[in-house]
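Novice: here is my input, please return the structure:
(one chain, ligands or ions: 1)
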Amino acid sequence: MSQNNQAIDNNWNQKVDEVADTEAAEVRKSPIAGTGVFAKRPIKKDEVVLPVTGKKLHESEISEVNRSLSLLQVDTDWYLMATGTIDDFLNHSCDPNVGFTPDGQSFFALRDIAKDEELCWDYSTCDNDPEWFMDCLCGSPKCRGKVTGFPNLDAETRARLLPISQPYLRRLYGNK
Ligand SMILES: [Zn+2]
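Specialist: Purely as a prediction, here's the structure:
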């Protein structure tokens, strides 16, 4: 386990200049938090914008070291750890303009997005941890103030976010 942890690159988020752009998006400085991902051109509603990538880790492989890194939950006990690709730099918004595709493997546009607009997803749409939260500075009129895991969302927010959430959350919460 400790050997695994030593192999993990803790500095991925400092190598912004090395992050590969895609045809539609690139990393830039963000007014929300340090860096963010921005549209290089207008993006149409429903367009698939970016793949969701990372190193897949089981809960048992997660230590205090890499828990402090960016983890995206993709199933009960399974996570994608950030590895410094462009999808790792997307900020949260309580009023997101991208969400997960039905297979959970990409982000797609929830509405038309203008050139130079920041791409944001809602971090609650992957997280099922009842203890996790972060204070939110997204500035949206819909801002919840605290971003939490799915278990702590109110019924209205769950219903709104479920269709753009990771598939395992649709499986867990779809009939509730
Ligand atoms: Zn917010």
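
Novice: since we're on residue 150, how many residues are nearby?
Specialist: Residue 150 has 23 neighbouring residues, counting by other Cβ atoms under 10 Å. C-beta: built from backbone N, CA, C; applies to glycine.

Novice: does it touch residue 158 like I think?
Specialist: Yes: the criterion here is Cβ atoms under 8 Å, and residue 150 meets it with residue 158 at 6.8 Å.

Novice: what residues do these two have in common as contacts?
Specialist: Common neighbours of residue 150 and residue 158, counting by Cβ atoms under 8 Å, 6 or more residues apart in numbering, are residue 173.

Novice: what parts of this protein come near the ion?
Specialist: 94, 136, 138, 143 (Cβ under 5 Å from the ion).

Novice: the first one contacts residue 121, doesn't it?
Specialist: No: using Cβ under 8 Å, residue 94 and residue 121 do not qualify as a contacting pair, with a distance of 10.7 Å.

Novice: what about the residue nearest to the spatial centre of the chain, distance to residue 149?
Specialist: With distances taken as Cα atoms, centre = their mean, the residue of the chain nearest its centroid is residue 123 (5.2 Å). The spacing between residue 123 and residue 149, counted by Cβ to Cβ, to the nearest Å, is 9 Å.
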